[in-house]
Structures are given as C-alpha cells and as structure tokens.
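J.: Sequence and computational prediction follow.
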Amino acid sequence: MIAYIVRRLALAVVTLVAITVIVYGLARSMPGTPLTLAISETDPSRKLNAADLERIRAIYGLDEPWPVGYVRWASRVVAGDLGRSISRKQPVVTLIGERIGPTMVLSATALVLTWLLSIPLGLYASARSGRIDERASSLLLYVLYSFPTFVAALFLQIIFAVWLRGTRWELPLFGMTDLPADAPFAARAADVAWHAILPVACQTYVSLAWYSRFIKANMEEAVRQDYVRTARAKGVGPFGVLVKHAFRNTLIPLVTLVGLSLPALLGGSVIIEQIFTWPGMGRLFFESIRERDYPTIMGLTLMFSVLTLAGQILADLLYAFVDPRVSVA
Amino acid sequence: MTASLPRPIGFWGDAWRRFRRRPLAVAAVAFIGFLAAVAILAPAIAGTKPVLCRYKGRLYAPCLAYFDRRLEPVVFAQDRFRGSYPANLAAKDPESWAIWPLVFQDPFRAVRADEWPGRPANPSRDQGRPSRTNLFGTDQYGVDVFAKMVHGTTVALLVGFVSMGLASVIGITLGALGGYFGGWADSLVSRFTEVVMCIPTLILILALVAIVEKPTIWKTMAIIGATNWTSIARLTRGEFLRLRQSEFVMAARAAGAGPLRIMLRHILPNSLAPVLVPITFGIASAILIESSLSFLGFGPPPPSASWGAVLNDARSNLSMWWLVLFPGMAIFLTVLAYNLVGEALQEVTDPRLRESRK
C-alpha cells in the first residue's frame, strides 16, 4: 500500500514537472510581455524607452531565456513561494486566496445540488426503466447534457435579466454582489446568493444530466445481478431492493467521482465565470492569460494540475478503500 | 431474418443494421447530412453574388468567392463592381443575366438600400428583429443573421472534421506505437498522454491561441486537433495491446509481415470500431470548443462566420434575443446530433452492450 502510494506520488511529480515546463514554455512564447501590455493599455503615449524596459525586464527575470526562467520559478515553488503577479503587484498566493472563495460558492453549491438531485433521479429512472415517463425524462436529461453552458447562460440572462426586468423574478445579470464591503454579513450573503442563482443553475444542469445517467447505467448493471433476484425472491419490497441492495453496490464507482470532481470544485469554470463576471479562479486565469501575467498563469496551472493528479490518486485509493476486493498494488 | 440470405453479415453490416433500428441516431445522421448540404450550398442559399451569371458573353460563378476570395472572377474587379452585382450587371451589360442565391443577404456586411431593387437597407443597432427580408434578424451592424448562420455551417462542420481528423492521426499513431511496441515506447506515450490529459483543455487551448500571432480558422482547428487526441490515443493503445497477442497477428508475423504492415493492415482495421466512438464525441466537443472560443473573443477575427461569434455579439446586446436563439440552437442541435451518433456507435459496435439488449 505504502509502496503503491509512493510510486504514484513519484509519477505524479514527473507529470507535474512536464506539465509546468510545457505551460511555462507556452506562456513565455506568447507575443508581448506583461510589461509592454500593461503600459500600452494604461497610456498608449507613455512608451517605455528601451533602457528602462531592459532594466525592468531584468528585475522580473524576463531578459533570460525561458528555460532559465523556469528553473528559477520551479526552485522558488519548491521553497514554497509562488512569486508575485506582475500586472497586479500582489503575491500570487494572495490573488488565489481572494478568488477561491467565490469559486467555491458556485462550484460547491452546484456539486451539492447535483448529488442531491441526481441520486433520486437516477433511482427513479432505473425503477421506471423502459416506461414512457422514464424514457421521456432520460431523453430530456440527454438533451440537457448536450446543451452548451454558454448558450444556456445567455438564454437565462435574457429571460431573467431582460424579459423579467422590473418584475419580482428579475435576477442580476452579472457580478457577485452590489453591496459595499462594509455591509452587514447577512445582507451580503443574501445578495451573493441572489447573484449566484443563474451561474449555479448553469453549472448544475450539465453535471446533473451526466451524474444521473451514470447512476442509471450502474443501476442497470446492478439490478441484473443474482443477489437482487435473491432479495426479490425472499420478499424484499421494490423500494428496498432498489435502494438497499442495488444502489448500495453502485456507490463504489460513484465514490471515485468524488475524487475526479476535485479540480472542478476549486478550479471553477472559465466560461461561466466569464459570462457572469464572477470574480473566481476561472476568470483569474482568463485575465492572467490576457495580461501575460506569467507568475499567475503558472500558479494557477500548478494548482489545477496538482488537484487533477491528487483527484486521480484519491479516486484510486477511495476505490480500494470502499471495495475490499480491489487491491491497489 | 429470412433464410434466403446468401452471405453472412459482416461486422459493419451488422452494426449498420442495429444502427438503423435507432430512430434518434438515424435522425441525427440525417441532420448532419442536412448541415453538410447547407455547408456546401451556402453561397447559393445566402449571398449577394450571383450563383451563375452571363456577363459580356461569358459565364461566371462569382458565388465561389465565398469559399475563397481568389475565386472571384477578375473581370468584375476590373469593371469596378465593388461587390455590388445586381445594379452593375444590368448597367454595364444589358444583355447579361444571373441566377441569384435564394436569399439576397451577405454574411459579412449589411445590405444597403436599393442594392436589390426596391429593398430597403438592413436595419442596424437593436432594430433588426426577424422579418421577411431578414429571416433571423440582423446584428448591431445590420449584417443578416440568417446569412451568417448559413455560412457558419461551413465553419462548424470543417472544425469538426479537420480538427478531429488531425486528432485521429496523432492519437492513432501514438496509441498504435505505444500499444504495439510496448516497453519504453509505451511508457513514453502513456506518460505524454497523461501529461496532456492533466492540463485542462481550455487552459492549453487558450495558451496556444494566445501564441498564434494572427489567428485564422485553420489555426484554431489545428490547435483543437492538437489538444483533443488523448482519449483516441488511450483507446487505440488498449486495442493494439490486446490485439498484438492475438493469433492472426502471430500468423501474420510468422508469414513474414513487418511491424508497419501488421499495424496498418492487420491490427488497425480490427481496432477501428471502438476508436470511432471517441472520434465522434470529439467532433461534438471540437465544435463546442470552437464556438466557445469565438464566444470568449478568442476566435479568428472578422470576417469569419462562426456561430460562436454571433453569440459573442449577443453578449453586449442581450435585448436582441435573435442573436442568441438561432446560433445557440444551431450549436446545440449539432452537438446533440454528434453525441447521439457517438452513443449509437458505442452501443452497436460494443459486443458486450450488444448481447445485453437484443
């Protein structure tokens, strides 16, 4: 067990190095640097003269070829320092810390909603399997699954923020809160929740469709097993068979999903945060690419890939933990 | 089944028979066929250049300029048509005749007043609701949305096929090499696939798009293809790993076939069915990625008729619902169609799923 974990961790470190090298190389190859972009945006007439630019480039270590820059960045990361954002003049850790809360508000709510809704839906679908109502609802879920989030987001914005403007049902178009930072906490929380309705709805529906289909597929496999037939034969009611016998055994693949949803939980969604101008991690990444803010790009990439790899390892370990027949070694 | 059937049904014949029994999948294939027809006939459906015209004694097809600007006959530039055909044709050669597209609207510019005799100019800003002249309305500059949608079909289909074609070449090559040779080649391929899989797709694509100096639709397709091959590589590797131990491969090797021949002629045809499934799903996700890139403003710059670009216009003009409804539904239906085909392929070619439901 320990040997397995150690081997997985060692492999993960190799993967991590490869990912960060690739993304660092890509980031440094983008046309423009954070210095030139930031200055031309604030005041196009104020061009730095060549000597000043060279001096600032040296300060940020941008005068060296990117492999050297990568080694410098990596050695600082090993020492626990993600560096400072060039365009925002703040430590990257602070930036991430500011953005992770808003992202969690969306993604954690969406995840909880997904679980709460998809399990009953999946059970319902397998109980009524083949009937007309089940086929209709399964088709609807499949259609929802193919519905692009950004299209759904625009539709919701048009309905709730434009057509219903001035009515009780109007919902805010974008942003996280309209209240100042010194407003009372309860009022602020209510306002954030109000703003979060549309983005949470968008984030929930796709995973809802996916999860309930996944649960139904697993249930279909389970209800064909002999132990389900035995349970029926000894007189267990339909609900008991479905929930206590079949569903409990489908929990194992479900548990691995918990691990795999880790990156989405903390990483957020670039598109949804961008549409609703939600100040989260996805939007931070989008902005840092536009600003060529290498330290932030790298910090976020590192975080995403650590989470992805950790999620995979966690999923495998959880799998072995809940199912004694599975051995990781 | 009748007893008079002379020859046994092969794997693909059997798969096709099962496929035909799924009305939704057949409808999806029909819809994709419809899109392909729209894409090929786009300049004849909506445009401001004649499909075919006779001018000064010769026949021309100026509508081909919508596929490539260089295909526009030089004579019209020499005679100072400036893209406006109806009036100029009549004025400069009274003998001329022309076959016009079904809808006289342009995907790249607003049609001016009286460009088509008696037709008012396209409404601009937020005035362009759908009407008889502008079936799907106009955008804030007065460009016809129907024309944009028709010409955007070409982009959507091309994105799907070109990017997944590239992804299939990369994925199948890498997967085949890793699966067939095993050993260090396999670990190298598997590690590399894992690395690319671990970088979130949108991050990798945004970074690559930012690097490309002048984005064109072809570069976008290349980027999507170059990042979307991982599931194909994994499946191909698994199939090759399984089949290289099989008896027919052993027989081929005993008969003296080289590795390349074994891989291409013996293993690849037998591993194609499961690999087709991620390719089909990949087409759906490629179309989705392209439209979300255009939507985020990272797509190719205008003039390019992408469905996602129309949606991007809608973001700042939310009261113009027709800018969301038509392209949104088009993207949705296309993605749904490919997903349905992919799912049907999965079920008709997977023997395990085949046996369980007769």
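T.: Arrived safely, thanks for sending. Quick caveat, the model's predicted, so the values are computed rather than measured.
J.: so how far is chain A from residue B:147?
T.: 20 Å (Cβ to the nearest Cβ, to the nearest Å). (Glycine included, C-beta is placed from N, CA and C.)
J.: Near the residue nearest to residue A:231 when sequence neighbours are not counted, how many other residues are there?
T.: Leaving out its chain neighbours, the residue that sits closest to residue A:231 by Cβ to Cβ, 6 or more residues apart in numbering or on different chains is residue A:245, at 4.6 Å. Look at residue A:245: counted by other Cβ atoms under 10 Å in any protein chain shown, it has 19 neighbours.
J.: Over to residue A:237?
T.: Using other Cβ under 10 Å, residue A:237 has 11 neighbouring residues.
J.: Would you check how far apart it and chain B are?
T.: According to Cβ to the nearest Cβ, residue A:237 and chain B sit 26 Å apart.
J.: Verify the stated contact: the residue nearest to residue A:231 with residue A:227.
T.: Yes - proximity of residue A:245 to residue A:227 meets the contact threshold set by Cβ atoms under 8 Å, at 6.3 Å.
J.: what bits of the chain have low per-residue confidence?
T.: Using chain A. Where chain A drops to pLDDT under 70, the residues are A:36-50, A:326-329.
J.: if you could check chain B rather than the one you did, that'd help
T.: B:1-6, B:83, B:302-304, B:351-358.
J.: Pop the domain breakdown of it in here.
T.: Per the record, chain B has its domains at B:49-100, B:146-357, by automatic domain parsing.
J.: Off-centre distance for the first one?
T.: In this case it means domain B:49-100. Remark: domain B:49-100 is offset 29 Å from the chain centroid, using Cα atoms, centre = their mean, to the nearest Å.
J.: Confirm that the residue nearest to residue A:231 sits in a strand.
T.: No - if the criterion is DSSP: H, G, I helix; E, B strand; the rest coil, then residue A:245 is helix and not within a strand.
J.: Now for it: which residues touch it?
T.: Residue A:245 makes contact with A:227, A:228, A:231, A:236 under the criterion Cβ atoms under 8 Å, 6 or more residues apart in numbering or on different chains.
J.: Make a markdown table out of the residues you listed and add secondary structure and distance to residue A:105.
T.: What follows is the contacts of residue A:245, written out as a markdown table (DSSP: H, G, I helix; E, B strand; the rest coil; distance: Cβ to Cβ, whole Å):
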| residue | secondary structure | distance to residue A:105 |
| --- | --- | --- |
| A:227 | helix | 42 |
| A:228 | helix | 40 |
| A:231 | helix | 42 |
| A:236 | coil | 42 |
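J.: The stretch 151-300 of chain A against chain B: which residues are in contact?
T.: For the stretch 151-300 of chain A, the residues in contact with chain B (Cβ under 8 Å from any Cβ of the partner chain) are A:151, A:154-155, A:157-158, A:161-162, A:173, A:263, A:267, A:270-271, A:274-275, A:285-286, A:289-290, A:292, A:297, A:300.
J.: Now, those that are in helices?
T.: A:151, A:154-155, A:157, A:263, A:267, A:270-271, A:274-275, A:285-286, A:289-290, A:297, A:300 (DSSP state H).
J.: what does stretch A:275-285 contact?
T.: Applying Cβ under 8 Å, 6+ apart, the contact partners of stretch A:275-285 are A:95-96, A:98-100, A:102-103, A:106, A:150, A:153-154, A:157, A:173-176, A:195, A:198-199, A:202, A:266-274, A:296-297, A:300, A:303, B:203, B:206, B:315.
J.: Count the neighbours of residue 184 for me.
T.: Picking chain A for this. Number of residues near residue A:184 (other Cβ under 10 Å) recorded here: 9.
J.: actually it's chain B I care about, not the one you picked
T.: Neighbours of residue B:184 under the rule other Cβ under 10 Å: 9.
J.: what about it, helix or strand, and which?
T.: Using DSSP states H and E, residue B:184 sits in helix B:183-198.
J.: got it, and residue A:62?
T.: Counting by DSSP H and E, residue A:62 is part of no helix or strand.
J.: Do I have it right that it meets residue A:33?
T.: Yes - the pair residue A:62 and residue A:33 passes the contact test of Cβ under 8 Å, sitting 5.9 Å apart.
J.: Can you report phi and psi for residue B:46?
T.: Here is the backbone geometry of residue B:46 (degrees, to the nearest 10): phi -140, psi 130.
J.: check contacts around the nearest residue to it once chain neighbours are set aside.
T.: Among residues not flanking residue B:46 along the chain, residue B:147 sits closest, at 3.9 Å (Cβ to Cβ, 6+ apart). Residue B:147 makes contact with B:46, B:47, B:103, B:105, B:106, B:107, B:305, according to Cβ under 8 Å, 6+ apart.
J.: Helix or strand: which one has residue B:147?
T.: Element membership of residue B:147 [criterion: DSSP H and E] is helix B:145-181.
J.: Which positions in that helix come out as buried?
T.: Going by neighbour count (16 or more other Cβ atoms under 10 Å in any protein chain shown), the buried part of helix B:145-181 is B:145-160, B:162-164, B:166-168, B:170-181.
J.: relative to helix B:183-198, how tilted is that helix?
T.: Calculated by axes from the mean of the first three to the mean of the last three Cα atoms, to 10 degrees, helix B:145-181 forms an angle of 150 degrees with helix B:183-198.
J.: sorry, back to before: and the helix holding residue B:184, is it in reach of chain A?
T.: Yes - using Cβ under 8 Å from any Cβ, we find that helix B:183-198 touches chain A at B:191, B:192, B:194, B:195, B:198.
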